[in-house]
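Student: Fold the following and give me the result.
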Amino acid sequence: MNPIRLAKNWLSYRRTLSELGNLSSHTLSDIGLTRYDIRGIAARSFR
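Tutor: Next up is the predicted model:
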């Protein structure tokens with residue numbers, strides 16, 4: 001994989017983790033997620 005693309009994907013992964021991690025459990029529940037789901041969703045952006 002291209003190093004630049006890898007870096008961009010990693011930044012997207014970290015940003016997604018951060019943004020979802022900052023949401024309250026109630027807000028996550030409202031959108032159908034749990035804290036357990038956050039890493040899986042962020043990993044989709046890393047592919």
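
Student: pLDDT at residue 10, what is it?
Tutor: Looking at residue 10, its pLDDT reads 93.

Student: Tally up the residues packed near it, please.
Tutor: Neighbour count of residue 10, defined by other C-beta atoms under 10 Å: 12. From N, CA and C alone the C-beta is placed, and that goes for glycine too.

Student: go on, the one 4 residues further on?
Tutor: By other C-beta under 10 Å, the residues close to residue 14 number 13.

Student: who touches whatever helix or strand it lives in?
Tutor: Applying DSSP states H and E as the criterion places residue 14 in helix 3-21. Identification of contacts with helix 3-21 by C-beta atoms under 8 Å, 6 or more residues apart in numbering yields 28, 33, 35, 38-39, 41-43, 45-47.

Student: distance of residue 22 from residue 38?
Tutor: 10 Å (C-beta to C-beta, to the nearest Å).

Student: So for those two, which residue has more residues nearby?
Tutor: residue 38 (18 against 8).

Student: any idea what sits nearest the more buried one, other than its immediate chain neighbours?
Tutor: residue 20 (4.6 Å; C-beta to C-beta, 6 or more residues apart in numbering).
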